[in-house]
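Peer 1: Test case, fold it:
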Amino acid sequence: MALIAVKVDAQELVVNSPSEKTIVYTDKSTTLAMVNTSNYKQTGNDAERSKSFSKSFSVDNNDKINLNNQFGSILIKTWDKREVRVDVDIKAYSNSDNDVQKLIDGVSIDATKNGDVVTFRTNMGDRNGRYGRGVKNGVTTWRREVKVNYVVFMPAVNPLTVSQEYGNVELGNFSGPTSLKVEYGNLVAGNLSNINNYINVQYGKCDIQDLNAAVVKHEYNGPVTIGAVGTLQLDAEYVAVNINTIRKSADIKIQYGKGLTVGTIGGNLLLNAEYAKVNINTVKGNTVVKQAYGDLNIASAGKIAVNAEYSNVTLGTLNGDANINMDYNRLSVNEITPACRNFTFGGEYVSVGLGFADRYNANFNVSTSYAGFKYGSNVTSTTVSKDDETKKYSGKIGSGGTANVSVKTEYGSVTFK
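Peer 2: The predicted structure follows:
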């Protein structure tokens with residue numbers, strides 16, 4: 001490829017060489033160097049053709065950059081110039097010389113600036129027949145495909161929209177708003193410090209170091225790995241999600257897959273989980289959880305409300321009020337601290353085990369139907385009423401006081417430790 005900088009008054013300059021044709025266009029705001037190579041390369045039984053494209057636009061901080069590519073990759077590098085430049089390397093592969101030429105000829109790049117919008121778009125030609133490659137016993141038996149790889153140089157502040165199909169996207173630290181969509185490929189990003197980030201990945205991995213605030217949607221494959229995020233809205237299906245730190249609040253929906261693992265949540269958590277295991281170390285704010293067919297484990301929680309079905313719920317330290325409703329399986333709270341002034345549980349077919357801090361003092365009421373009630377030495381209990389089906393108990397935990405613990409359950413068991 002030849003990328004040539006020239007100063008001419010004409011709109012087009014043609015430079016010929018024995019192996020390539022270079023066309024250089026100039027106007028007030030753009031420079032384009034497009035090299036249509038006739039380079040031919042035979043790799044094993046495959047024929048290969050390649051060509052390159054490069055174009056740049058001058059931009060200000062408000063100009064929006066749109067990138068739309070398929071069958072390749074997008075690598076975004078930031079610089080201090082008030083300019084966006086895209087270099088594209090295009091390669092085609094086929095078992096047939098004629099076919100590989102048709103494939104490479106069918107690929108073009110549209111590059112435009114309309115108002116405040118700069119767009120680079122890959123157009124693919126007719127790809128009738130099989131497309132991709134076949135492998136048998138580790139050996140490629142046929143190959144018919146195109147690779148279109150973008151390298152983008154742009155300021156870090158401009159609004160950026162990316163759509164990539166069948167390939168990866170890589171982006172370093174970036175301060176402008178982003179909308180990043182990747183299908184059948186992976187997304188890797190550094191620190192996305194804007195308050196507006198939209199991430200959509202399907203059939204790939206997502207690895208982001210830091211997000212100020214983001215909406216993240218991910219389906220299939222994975223995992224989703226986020227080092228830290230300020231405010232998060234997440235919708236994930238059939239993937240594993242791993243987040244070290246959520247500095248503020250999060251609204252998370254996760255279904256199927258290998259589940260959710262979070263270190264610390266500094267604010268509130270709204271969680272809806274189905275068929276997925278959840279492990280969270282600390283939630284400092286309020287927590288509202290709907291959980292079905294998957295275990296919930298929170299090592300340290302503040303105020304919490306849980307509605308669970310067919311799930312084991314385990315809370316380590318409870319530092320706030322709790323309202324828990326469950327059907328089936330087990331509830332275990334290791335330590336309820338004096339910060340919990342009201343604890344309410346209602347459920348069916350649940351084994352309930354509650355542990356209390358040494359300094360915890362509260363009154364309690366327990367109602368059981370076809371369920372036993374056991375308690376330790378720090379609990380004093382009186383049977384208020386009983387029949388063959390239902391038994392009611394009241395008493396004190398520690399010395400009693402203004403805090404209240406209320407448990408109503410059918411079947412299962414209740415234990416105060």
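Peer 1: Quickly find the element holding Gln101.
Peer 2: Element membership of Gln101 [criterion: DSSP states H and E] is helix 97-105.
Peer 1: And Gly263, by the same measure?
Peer 2: Applying DSSP H and E, one finds Gly263 within strand 259-265.
Peer 1: ok, residues contacting that strand?
Peer 2: Strand 259-265 has contacts (CB atoms under 8 Å, 6 or more residues apart in numbering) with 236, 240-246, 249-250, 252, 254, 271, 273, 276-285, 294. Bear in mind the C-beta positions are built from the backbone N, C-alpha and C, glycine included.
Peer 1: if you set the cut-off to 7 Å instead, what comes out?
Peer 2: The contact list for strand 259-265, computed with CB atoms under 7 Å, 6 or more residues apart in numbering, reads 240-246, 250, 252, 254, 273, 276-285, 294.
Peer 1: need the helices for the stretch 201-350 of the chain, in chain order.
Peer 2: Assigned by DSSP state H, counting those that start in this stretch, the stretch 201-350 of the chain shows no helices.
Peer 1: Isn't Asp60 up against Val84?
Peer 2: No: look at Asp60 against Val84 with CB atoms under 7 Å: they stay out of range, at 10.9 Å.
Peer 1: Which one's more surrounded, those two?
Peer 2: Neighbours per residue, other CB atoms under 10 Å: of Asp60 and Val84, the larger number sits with Val84, 24 against 10.
Peer 1: show me the contacts for that one.
Peer 2: 56-57, 59, 65, 118, 153-154.
Peer 1: max-length strand in the protein?
Peer 2: Ordering each strand of the chain by length in residues (DSSP state E) puts strand 197-237 first.
Peer 1: starting at the chain centroid, how far to that strand?
Peer 2: On the basis of CA atoms, centre = their mean, to the nearest Å, strand 197-237 sits 2 Å off its chain's mean C-alpha point.
Peer 1: Give me the angle between that strand and strand 259-265.
Peer 2: 130 degrees (axes from the mean of the first three to the mean of the last three CA atoms, to 10 degrees).
Peer 1: Tell me the helices and strands packed up against strand 197-237.
Peer 2: Other elements packing on strand 197-237 under the criterion 3 or more CB pairs under 7 Å, 6 or more residues apart in numbering; DSSP states H and E are strand 178-183, strand 187-192, strand 240-246, strand 250-255.
Peer 1: residue contacts, the residue nearest to Tyr370 when sequence neighbours are not counted?
Peer 2: In this structure, Tyr370 finds its nearest non-sequential neighbour in Tyr411, 5.0 Å apart by CB to CB, 6 or more residues apart in numbering. Tyr411 is in contact with 348-349, 370-371, counting by CB under 7 Å, 6+ apart.
Peer 1: re the thing from before, packing partners for the helix holding Gln101?
Peer 2: Secondary-structure packing of helix 97-105 (3+ CB pairs under 7 Å, 6+ apart): strand 46-58, strand 83-94.
Peer 1: Given the shortest one, what are its sheet partners and their directions?
Peer 2: For strand 83-94, the pairing partners within the sheet under DSSP bridges are strand 46-58 (antiparallel), strand 139-154 (antiparallel).
Peer 1: so can I have JSON lines of these showing distance to Glu165 and mean pLDDT?
Peer 2: Below are these laid out as JSON lines (distance: least, CB to CB, whole Å; pLDDT from 0 to 100):
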{"stretch": "strand 46-58", "distance to Glu165": "18", "mean pLDDT": "94"}
{"stretch": "strand 139-154", "distance to Glu165": "10", "mean pLDDT": "93"}
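Peer 1: is it possible to export the ones you listed to TSV including mean neighbour count and distance to Thr231?
Peer 2: Formatted as TSV, the strands paired with strand 83-94 follow (neighbours: other CB atoms under 10 Å; distance: least, CB to CB, whole Å):
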stretch	mean neighbour count	distance to Thr231
strand 46-58	20	33
strand 139-154	18	26
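Peer 1: Determine which of those strands approaches Ala111 most closely.
Peer 2: With CB to CB as the criterion, Ala111 lies closest to strand 46-58 of the strands paired with strand 83-94, at 4.3 Å.
Peer 1: Give me the residue ranges of this protein where confidence is low.
Peer 2: Within the chain, the segments meeting pLDDT under 70 span 1-45, 127-128.
Peer 1: Skipping adjacent residues, who's closest to Lys392 in space?
Peer 2: Val384 (4.4 Å).
Peer 1: Could you list every helix and strand in contact with the host helix or strand of the one you found?
Peer 2: Per DSSP H and E, Val384 falls inside strand 379-386. Secondary-structure packing of strand 379-386 (3+ CB pairs under 7 Å, 6+ apart): strand 390-397.
Peer 1: relative to strand 379-386, how tilted is the strand it packs on?
Peer 2: 160 degrees.
Peer 1: and strand 390-397, C-alpha only, in PDB?
Peer 2: C-alpha atoms of strand 390-397 as PDB (Å, rounded to 0.1, in the frame of the first residue of the first chain):
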ATOM      1  CA  THR A 390     -50.400 -24.500  63.600                       C
ATOM      2  CA  LYS A 391     -48.200 -23.300  66.500                       C
ATOM      3  CA  LYS A 392     -47.500 -19.700  67.500                       C
ATOM      4  CA  TYR A 393     -44.600 -18.600  69.700                       C
ATOM      5  CA  SER A 394     -43.500 -15.200  71.100                       C
ATOM      6  CA  GLY A 395     -40.600 -14.200  73.200                       C
ATOM      7  CA  LYS A 396     -37.300 -12.300  73.400                       C
ATOM      8  CA  ILE A 397     -34.000 -12.400  71.700                       C
END
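Peer 1: Tell me which residues of stretch 154-170 come out buried.
Peer 2: Buried residues in stretch 154-170, counted by 16 or more other CB atoms under 10 Å: 154-169.
Peer 1: likewise stretch 401-414?
Peer 2: 403-405, 407-410, 412-414.
Peer 1: Is it possible to get a markdown table of those that adds secondary structure?
Peer 2: Shown next, in a markdown table, are the buried residues of stretch 401-414 (DSSP: H, G, I helix; E, B strand; the rest coil):
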| residue | secondary structure |
| --- | --- |
| Ala403 | coil |
| Asn404 | strand |
| Val405 | strand |
| Val407 | strand |
| Lys408 | strand |
| Thr409 | strand |
| Glu410 | strand |
| Gly412 | strand |
| Ser413 | strand |
| Val414 | strand |
